[in-house]
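Novice: how does the following fold in three dimensions:
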Amino acid sequence: MRRLFWMAVGAAAVTIGKRWTVRTANAVADQYTPVAVGKRMATNVGQRVDAARREGKAAMADTEQRLRAKLR
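Specialist: The predicted model follows:
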């Protein structure tokens, strides 16, 4: 009876471990599909362009303020 119990426990552990491994492997594989990589790159590029635009606007405002101060 003990052997049957521990065999059942072992089978359950293997089944649970296999399911966890497959889910984890699929999640990692999904992160590296061309679509997922493309989305991450597009987001990254978009954030950089937005940051450059904000920095440019701030520099333009600063330059305009300095030029206006010189005219006065």
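Novice: give me the mean pLDDT for stretch 60-72.
Specialist: The average pLDDT within stretch 60-72 is 94.
Novice: just the element for the residue nearest to the spatial centre of the chain, please.
Specialist: Nearest to the geometric centre of the chain sits R40, at 6.6 Å (Cα atoms, centre = their mean). In the assignment (DSSP states H and E), R40 maps to helix 34-71.
Novice: model confidence at T24, what's the number?
Specialist: T24 is assigned 97 on the pLDDT scale.
Novice: picking up where we left off before, what distance do you get for the residue nearest to the centre of the chain to V49?
Specialist: Distance, R40 to V49, using Cβ to Cβ, to the nearest Å: 15 Å. Where C-beta positions appear, they are placed from N, C-alpha and C, glycine not excepted.
Novice: now swap in T21 and tell me
Specialist: Taking Cβ to Cβ, one finds T21 at 40 Å from V49.
Novice: domains in the chain, by residue range?
Specialist: With domains defined by automatic domain parsing, the chain comprises 1-31, 33-72.
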